[in-house]
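[1] starting from these lines, generate the structure:
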Amino acid sequence: MIDIKFLRENPDIVKQNIKNKFQDHKLPLVDEVIELDAKARAAQQEADELRSKKNKIAKEIGALMAQGKKDEAEEVKAQVADISKRLAELEPQEKELSEKVTQIMMSIPNIIDPSVPIGKDDSCNVEIEKYGEPVVPDFEVPYHTEIMERFDGIDLESAGKVAGNGFYYLMGDIARLHSAVISYARDFMIDRGFTYCVPPFMIRSNVVTGVMSFEEMDAMMYKIEGEDLYLIGTSEHSMIGKFIDTLNDEEKLPYTLTSYSPCFRKEKGAHGIEERGVYRIHQFEKQEMGVVCKPEESPMWYDKLWQNTVDLFRSLDIPVRTLECCSGDLADLKVKSCDVEAWSPRQQKYFEVGSCSNLGDAQARRLKIRVKGADGKYFAHTLNNTVVAPPRMLIAFLENNLNADGSVNIPAALQPYMGGKSVLTPKH
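    So this is what the prediction gives:
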């Protein structure tokens, strides 16, 4: 959510930003919120003046009564009654107008960074750099579920009976590999100075609306019936929520956290053949990283975060590339974002395995995450990035480490987490 003062003083900049995000239907909201804000401030000013006058008159009544001037005191009391009547009209107006302004402001997209390429959708995203040499083996690479089945490592049929489509059982070596990747990612981030965190797996609605747009919430979140709780779709929401309504000492920043959690997503809509198996699912596990920092440091942390993911994948012999997200592909709260994509030898192209985002002060403004510095108080900046999400990452891992005989190499970095194994041998 952008600063209402900034919008008030720079409506043309806000409108151009909306156009750059190809959300022209939101253009009328700028003038609407300016008008409502003016009415809200006028109502607040009148109410504040009346409250001040009421307090002053109350003191006069006390003085008049002490002097025995009861008739004059009664006249002044009548003024108080008139003021109270007017306040009773104004205070609901104040609240209603303020809520309307906030609701509209939460629908207006954040100001994107000048470096973000302008484009309507993800087809306009721009490749930044490749890391590692993509290899296409001289043997056929099976679909990832077929590779897993050779190890008796996945059971989609039973999962369908138990929970429906979009769920899975991982078994044996594949399940162990899944857990090994999570454990390795945890230690990888701890070694880089991040504090390990296991957050709540459910969050309240005020945290949900503080960390994401309404459109994202509707498309992603599962609500707990009868409770003011939602299952988290990604753990950075819970991590950033940790700082709700806080005033933080500037010298303690940055807060750098890495969290483990299961994640739950609706994943609405139909998906193609490449999104079967464990590619797009309702439940998965993930290692995440999040940062709360000073505004001037967020660009530096943005670069550090995506580089962490690149380094982790390269340590597991998986070629990756980074992709700058264009304006139309950015969620409303994001200032800047890039995807990390892994190489798929089977598809002979890259696919998304992580996303890094700088949200500026948008989340902090909604959640009231403030910082106390030498020059006063201000809103922090927040960032997040995927370290690794194993179900999807397993696809890249298995394809890039597969041998012609169906065995799978275990890179040296992961071997301590796999009981020292350097290779997995299929059962079929």
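
[2] I'd like to know how far V423 sits from V198.
    Separation of V423 from V198 (C-beta to C-beta, to the nearest Å) stands at 32 Å. All C-beta atoms are positioned from the backbone trio N, CA, C, and that covers glycine.

[3] tell me where the model's unsure across the stretch 1-150 of the chain.
    For the stretch 1-150 of the chain, applying pLDDT under 70 flags the ranges 61-68, 70-71, 73-74.

[4] do the stretch 201-350 of the chain as well
    Low-confidence segments of the stretch 201-350 of the chain (pLDDT under 70): 214, 268-275.

[5] where do the strands sit along it?
    202-203, 222-223, 230-231, 246-249, 255-264, 283-293, 320-324, 336-344, 349-358 (DSSP state E, counting those that start in this stretch).

[6] other SSEs contacting the third one?
    The reference is to strand 230-231. In terms of contacts (3 or more C-beta pairs under 8 Å, 6 or more residues apart in numbering; DSSP states H and E), strand 230-231 is packed against strand 202-203, strand 222-223.

[7] reformat those as TSV; add mean neighbour count.
    Converted to TSV, those look like this (neighbours: other C-beta atoms under 10 Å):
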stretch	mean neighbour count
strand 202-203	20
strand 222-223	15
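
[8] mind listing what's buried in the host helix or strand of R8?
    Assigned by DSSP states H and E, R8 falls within helix 4-9. Across helix 4-9, burial judged by 16 or more other C-beta atoms under 10 Å covers 4, 7.

[9] if I've got this straight, R186 is in a helix?
    Yes: R186 forms part of a helix when assessed by DSSP: H, G, I helix; E, B strand; the rest coil.

[10] could you dump the helix holding R8 to PDB, C-alpha only?
    What follows is helix 4-9, C-alpha atoms only, in PDB (Å, rounded to 0.1, in the frame of the first residue of the first chain):
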ATOM      1  CA  ILE A   4      -1.700   8.400   0.900                       C
ATOM      2  CA  LYS A   5       0.300  11.600   1.100                       C
ATOM      3  CA  PHE A   6       2.400  10.500  -1.900                       C
ATOM      4  CA  LEU A   7      -0.800   9.800  -3.900                       C
ATOM      5  CA  ARG A   8      -2.300  13.100  -2.900                       C
ATOM      6  CA  GLU A   9       0.700  15.000  -4.100                       C
END
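
[11] related to what we said a few turns ago, columns distance to L170 on top of the strands of the stretch 201-350 of the chain, output as CSV?
    Putting the strands of the stretch 201-350 of the chain into CSV (distance: least, C-beta to C-beta, whole Å) gives the following:
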stretch, distance to L170
strand 202-203, 24
strand 222-223, 21
strand 230-231, 20
strand 246-249, 38
strand 255-264, 13
strand 283-293, 10
strand 320-324, 23
strand 336-344, 19
strand 349-358, 18
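
[12] right, and those strands - which one's nearest G160?
    Nearest of those to G160, taken as C-beta to C-beta: strand 283-293 at 13.1 Å.

[13] which strands and helices sit next to that closest one?
    For strand 283-293, the packing partners by 3+ C-beta pairs under 8 Å, 6+ apart come out as helix 172-191, helix 235-241, strand 255-264, helix 298-315, strand 381-388, helix 390-400.

[14] neighbours of the residue nearest to L7 when sequence neighbours are not counted, how many?
    Here the nearest residue to L7 in space, its sequence neighbours aside, is V14; by C-beta to C-beta, 6 or more residues apart in numbering that works out to 5.2 Å. For V14, the neighbour count with other C-beta atoms under 10 Å is 23.

[15] what of Q45?
    Neighbours of Q45 using other C-beta under 10 Å come to 10.

[16] the one 4 residues further on too?
    Using other C-beta under 10 Å, E49 has 11 other residues around it.

[17] and M106, what does it touch?
    Applying C-beta atoms under 8 Å, 6 or more residues apart in numbering to M106 gives the contacts 1, 209, 213-214, 366.

[18] check A374 too.
    Listed by C-beta under 8 Å, 6+ apart, the contact set of A374 reads E250.

[19] I figured R51 hits L87, correct?
    Yes: between R51 and L87 there is a contact at 6.9 Å, judged by C-beta atoms under 8 Å.

[20] to G241, which of the helices and strands packed on strand 230-231 lies closest?
    Among the helices and strands packed on strand 230-231, the nearest to G241 by C-beta to C-beta is strand 202-203 (5.6 Å).

[21] which other helices and strands does the closest one contact?
    strand 230-231, helix 235-241.

[22] quick one: distance of it to the chain centre.
    Mean-position distance between strand 202-203 and its chain equals 14 Å (C-alpha atoms, centre = their mean, to the nearest Å).
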